[in-house]
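> Build the 3D model from these lines:
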Amino acid sequence: MTATRWNSRTVAIAAIAAVGFAAPANTAGPDGVHPGPLSRAEAFARAEALTALGKKMFFDPRLSASGKQACSSCHDPRHAFGPASATPVEMGGPNLDQPGLRAVPSLRYLQASPAFTEHFYDSEDEGDESVDNGPTGGLTWDGRADHGKDQAKIPLLSPFEMANRDAAAVTSALSKAAYAGDFKAAFGADVFDHAGDAFDAAAEALGTFEQSAADFYPYSSRYDAFLAGKATLSMQEMRGRALFEDEAKGNCASCHLSEPANDGEPPQFTDFGLIAIAVPRNAAIPANADPAYADLGLCGPLRTDLKGRSEYCGLFKTPTLRNVALRKSFFHNGAFHTLRDAVAFYASRDTDPGHWYPKNADGSVRQYDDLPKAYWGNLNQDPPFNGKRPGDKPALNDAEIDDIVAFLGTLTDADQQAAPAN
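Numbering: from 1, shown residues only. A predicted model of the protein is given here:
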């Protein structure tokens, strides 16, 4: 599965286009006529202003019902805009006592994700538009938000995140913020008189900030320097890279694209696709205490428009592997807490299921225990899974797993190299 390779310059222009070349809402000339489209210079200036405004909002805990939780509380810039903790889910709600349902993803390197589509065709490499790569794109683990401004609304209103009652509650908090004047300057003097408009404007500012290159897609890892001929990799890292890309071994690059695009744009380390791999059920997630509960990703429960589409049950977004070595929990349910275990799971999910899945009272393995059997047909069987059975030789041995982990360590951005250990 592959996805469109986006040039960062194109992304920057697209971000500005998303902000709009039109003048801010609720503004008009002295004759009452809207001033019309902005010039490119004005649009860049507006994007810059919205970025600054969005950054202030991103770090403001007063935008939550508790008054104690900002976007940055879960998306810590010191941890590549991912969580600092190893807990599988974060706590939120008005009293910060409501557990989430999924692990918090990093917000870095989302700028190139295309809008969600059920059928993605990419003829860039194969020249064959008949190849359907399936569900691709969107943001969040289930791809239900197409743009940063859409995604930004989710935590603001989620009952187990920032938990605002409605758009009016967000607008009220914004109107009292120290930067309320900046908000009016960007969106109109009467913007707070229209709760819906102010909420949309807030999401736009947050989404614009999350498109800023310096913070969210710096491409400053040692691997980027290696691709530019400005750094070297160790022998182990080079072996890991080869295994990562080998279709008969790790085959990681089939979903986590590791080569620069044809125009030289650095690799995203994701194809933006959604696949099912049956990560073990995580008992540490409170919702999983109910044996009838199942997080089925693309077909629910958080995403509702594809409910009942059985062919999509169990599919989750393929995340970028950039900065993956910083994470303390892995996959959508935070089932693993070391990068080595995450890699090893791929190698021996089916050859040694007893190592990963719990056992029944009779000693049999409860394989794929977090995915109802009705949906097992959706499981990815590409290498390294490759139809293997218990007792078969895994695609990767211990030393090869270590080599891949070493390679993944080269994907950490320069500003994260001094990230705290806790």
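> contacting residues for the nearest residue to Cys252 once chain neighbours are set aside?
Closest residue to Cys252 apart from its sequence neighbours, by C-beta to C-beta, 6 or more residues apart in numbering: Phe244 at 4.5 Å. Yep, even glycine has a C-beta here, placed from its N, CA and C like the rest. If a contact means C-beta atoms under 8 Å, 6 or more residues apart in numbering, then Phe244 has Gly250, Cys252, Ala253, His256, Ser258, Ile404, Phe407, Leu408 as its contacts.
> Give the rounded mean pLDDT of stretch 258-267.
The average pLDDT for stretch 258-267 rounds to 88.
> And for stretch 356-372?
For stretch 356-372, mean pLDDT is 97.
> hang on, the earlier thing: distance to Asp305, secondary structure and neighbour count added to the contacts of Phe244, as TSV?
Shown next, in TSV, are the contacts of Phe244 (distance: C-beta to C-beta, whole Å; DSSP: H, G, I helix; E, B strand; the rest coil; neighbours: other C-beta atoms under 10 Å):
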residue	distance to Asp305	secondary structure	neighbour count
Gly250	34	coil	27
Cys252	30	helix	25
Ala253	31	helix	19
His256	27	coil	23
Ser258	32	coil	18
Ile404	36	helix	27
Phe407	38	helix	28
Leu408	34	helix	26
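> ok, so of those residues, who is nearest Asp182?
Relative to Asp182, the closest of the contacts of Phe244 is His256; by C-beta to C-beta it sits at 38.8 Å.
> all strands of the stretch 301-422 of the chain, in order?
316-317 (DSSP state E, counting those that start in this stretch).
> The stretch 51-200 of the chain too?
91-92, 98-99.
> List the pairing partners of the last one within its sheet, with orientation.
The strands beside strand 98-99 in its sheet (DSSP bridges) come out as strand 91-92 (antiparallel).
> hang on, the earlier thing: so for Ser221, which of the strands of the stretch 51-200 of the chain sits nearest?
Of all these, strand 91-92 comes closest under C-beta to C-beta, at 30.9 Å.
> Need the contact partners of the closest one.
With C-beta under 8 Å, 6+ apart, strand 91-92 has contacts from 64, 66, 69, 97-100, 155, 158-163.
> do that again at 6 Å, thanks
Gln98, Pro99, Phe160, Glu161 (C-beta atoms under 6 Å, 6 or more residues apart in numbering).
> could you dump the top helix by length along the chain to CSV, C-alpha only?
Assignment by DSSP state H gives helix 40-58 as the longest helix of the chain. Extracted in CSV, the C-alpha atoms of helix 40-58 (Å, rounded to 0.1, in the frame of the first residue of the first chain):
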residue,chain,number,x,y,z
ARG,A,40,-0.1,35.8,-1.5
ALA,A,41,1.9,38.1,0.8
GLU,A,42,-1.2,38.8,2.9
ALA,A,43,-2.0,35.1,3.0
PHE,A,44,1.4,34.2,4.3
ALA,A,45,1.2,37.0,6.9
ARG,A,46,-2.3,35.6,7.9
ALA,A,47,-0.9,32.1,8.2
GLU,A,48,1.9,33.4,10.4
ALA,A,49,-0.5,35.2,12.6
LEU,A,50,-2.8,32.1,12.9
THR,A,51,0.2,29.9,13.7
ALA,A,52,1.2,32.2,16.6
LEU,A,53,-2.4,32.3,17.8
GLY,A,54,-2.8,28.5,17.5
LYS,A,55,0.4,28.0,19.5
LYS,A,56,-0.9,30.1,22.4
MET,A,57,-4.1,28.1,22.4
PHE,A,58,-2.2,24.8,22.2
